[in-house]
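Novice: next come a sequence and a model predicted from it.
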Amino acid sequence: MSKKGEHLLAKAKEVTAVISQKGLAKFGYSNGDFSIEVAADVPKKKAPPVTTSSAAPELPKKYIKSGFVGIFTDVKIKEGDKISADDIIGNVYSMNINHPIKANCEGIIKELLVAEKDAVDYGAKLAIVE
């Protein structure tokens, strides 16, 4: 290959590298007696998949928490029960006193996290409400 041919090949490789780096699909260059046009298959960006889930979006979880350290007693709710913010869901027995625990939110009991006669700490999550 002649020196001119080697020079042109080197320039073409440089142009190809630039095209690749820039993500161009087509590039053209012309200068006097030299012109070049390069086309490349550039992969198109894929759109994120469309989800067609029939399930309802998950709601943020709300918790009923204990305001006392003691034993959870007199449970008045079960999973699936509808509750109001002022409903008493049970008691925490501490220092010979039954302290009522209010629901503090409205919704449906999704899950009880403690059972009757379980020991609970202050701030312990007692139930999940949706």
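Specialist: All right, it came through fine.

Novice: list the buried residues in stretch 94-107.
Specialist: Using 16 or more other CB atoms under 10 Å as the test for burial, stretch 94-107 gives 94, 99, 101, 103-104, 107. Glycine gets a C-beta too; all of them are placed from N, C-alpha and C.

Novice: by pLDDT, give me the weakest of those.
Specialist: Of all the buried residues of stretch 94-107, Asn104 has the smallest pLDDT value, namely 89.

Novice: what helix or strand is it located in?
Specialist: Asn104 is part of no helix or strand when elements are defined by DSSP states H and E.

Novice: just the one 4 residues further on next, same as before
Specialist: For Ile108, the element it lies in under DSSP H and E is strand 107-112.

Novice: check which helices and strands that strand is in contact with.
Specialist: The elements that strand 107-112 packs onto, with contact taken as 3 or more CB pairs under 8 Å, 6 or more residues apart in numbering; DSSP states H and E, are strand 82-83, strand 125-129.

Novice: looking at the ones you listed, which is closest to Phe68?
Specialist: Closest approach to Phe68 among the helices and strands packed on strand 107-112 (CB to CB): strand 125-129, 11.0 Å.

Novice: which parts of the protein are helices?
Specialist: Secondary structure of the chain (DSSP state H): helices at 3-22.

Novice: where are the low-confidence patches of it?
Specialist: Within the chain, the stretches with pLDDT under 70 are 15-29, 31, 34, 36, 38-60.

Novice: domain assignment for it?
Specialist: 3-39, 62-129 (automatic domain parsing).

Novice: name the stretch among those domains that sits most buried.
Specialist: Burial of the domains of the chain is given as mean neighbour count (mean count of other CB atoms under 10 Å); domain 62-129 ranks first at a mean of 16.

Novice: for Glu6, find the nearest of the helices and strands packed on strand 107-112.
Specialist: Judging the helices and strands packed on strand 107-112 by CB to CB, what sits closest to Glu6 is strand 125-129, at 72.9 Å.

Novice: no further queries at this time; thank you.
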